Each structure stands twice: as structure tokens, then as C-alpha cells.
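Enquirer: based on what follows, work out the 3D shape:
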Amino acid sequence: MKRILISMILSALILIPVYSAKYVGAKKCKLCHNSTRHGKAYKTLYHTKHSKAFEGLVKDGKADDPYCLVCHTTGFNEGGYKMGAPDTYNLKFEGVQCEECHGPGSDYMKNNIMKDRKKAISKGLKIPNEKQCIKCHDKKKYPWAKKFVYKERLKQIDHRYR
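Expert: Take a look at the predicted model:
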């Protein structure tokens, strides 16, 4: 009986996905993605409403509302922004930053990996699409959300290499 129980537990552990990638914060991305060569991605993000999303929650007194934090922070309860974590930790995940759209960066952020798009994707880099945006920009789920037309909004945050 013990052997069967131990076998079942070990089998279950094997099936649990191992999530090794860690959120690092946009300032780490800035180190490489703020040059003209790289489309000034960090600077572009910094001037969007996405990066200021958390400030709106503070202003509205909802900075501790998990329902709101899901869309107004980066990596909420997935290794990024955490309820109850010290401000010094959470500060780097306030607002909608790089990793909210591109995935936790620890496994793909090294220069030798980022130089090879396929390699970066295999290490967890996400290439965002409309489906990903709709998780937060969904009028059915969030009736107060502004009208969202993907192609129009994409132009506002475009930070591809030029």
C-alpha cells in the first residue's frame, strides 16, 4: 500500500509543471532596450498608459483590490506583483510592463539568447497578440473598459526594432 501511495505522489509531482522563469522588472529590460537601435522600447513603454496603470488604482483607492491588480500590475500572483509583499519588491512590478506582455524574462534576457528570436521564444519570450490583450481589454468582463480596437491600440504601443 505504501509503495502504491509513494508511486502516486511521485507521478503527480512529475506531472506538475515546473515554472523556472522569474520576473525581473522593466529596469532590467531597459539595459538593452532603450537604445535607438532597439526602437527605444523602454522609453516608448514608459510614456504609455500601461506603465502608469497602477497609479490610477492608487488615485481611485483600489491599490489593494486583487480584481484590479490583475490588469494594473505585472505578473500579479505569478511571480511578479504580490499582495502583501514589501513595497520595495512590488515597486518594480507596478503598472503594465514589458514582462506582462512578453513573459517573465529571467530565462531569455541574456544577450546571447535575445540575439536569436527562436532561442528566446524557446526560453519563454512571448510575442503578444490580440488574445493576450483581451484578457484585460474586455468590455464584457470589465464594462467600464474603454473601447478596444486591437490594430489601433497596437500603434500606440508599437516599440518594434526599426
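Enquirer: okay, CA-based contacts and neighbour counts for the rest of this
Expert: OK.
Enquirer: show me where pLDDT drops low in this protein?
Expert: Where the chain drops to pLDDT under 70, the residues are 1-19, 38-39, 160-162.
Enquirer: quick check, central residue of the chain?
Expert: By CA atoms, centre = their mean, the chain has its centre lying nearest to E100, at 1.4 Å.
Enquirer: how about the nearest residue to that one, chain neighbours excluded?
Expert: Nearest non-adjacent residue to E100, counting by CA to CA, 6 or more residues apart in numbering: T74, 5.0 Å away.
Enquirer: which residues does the one you found contact?
Expert: The contact partners of T74, taken as CA atoms under 8 Å, 6 or more residues apart in numbering, are G80, Y81, F93, E94, G95, V96, Q97, E99, E100.
Enquirer: which residues sit in contact with the closest residue to the fourth one other than its chain neighbours?
Expert: What that stands for is E94. Using CA to CA, 6+ apart and skipping residues adjacent in sequence, the residue nearest E94 is T73, 4.8 Å away. T73 sits next to A53, F54, Y81, F93, E94, G95, V96, Q97, E100 when contact means CA under 8 Å, 6+ apart.
Enquirer: got the phi/psi numbers for T73?
Expert: Dihedral pair for T73: phi -140, psi 170, per degrees, to the nearest 10.
Enquirer: again, but for D116
Expert: Torsion angles, degrees, to the nearest 10, at D116: phi -120, psi 100.
Enquirer: ditto for Q97
Expert: phi -110, psi -180.
Enquirer: in this structure it contacts A26, no?
Expert: Yes - using CA atoms under 8 Å, Q97 is in contact with A26, at 6.1 Å.
Enquirer: alright, I will stop here.
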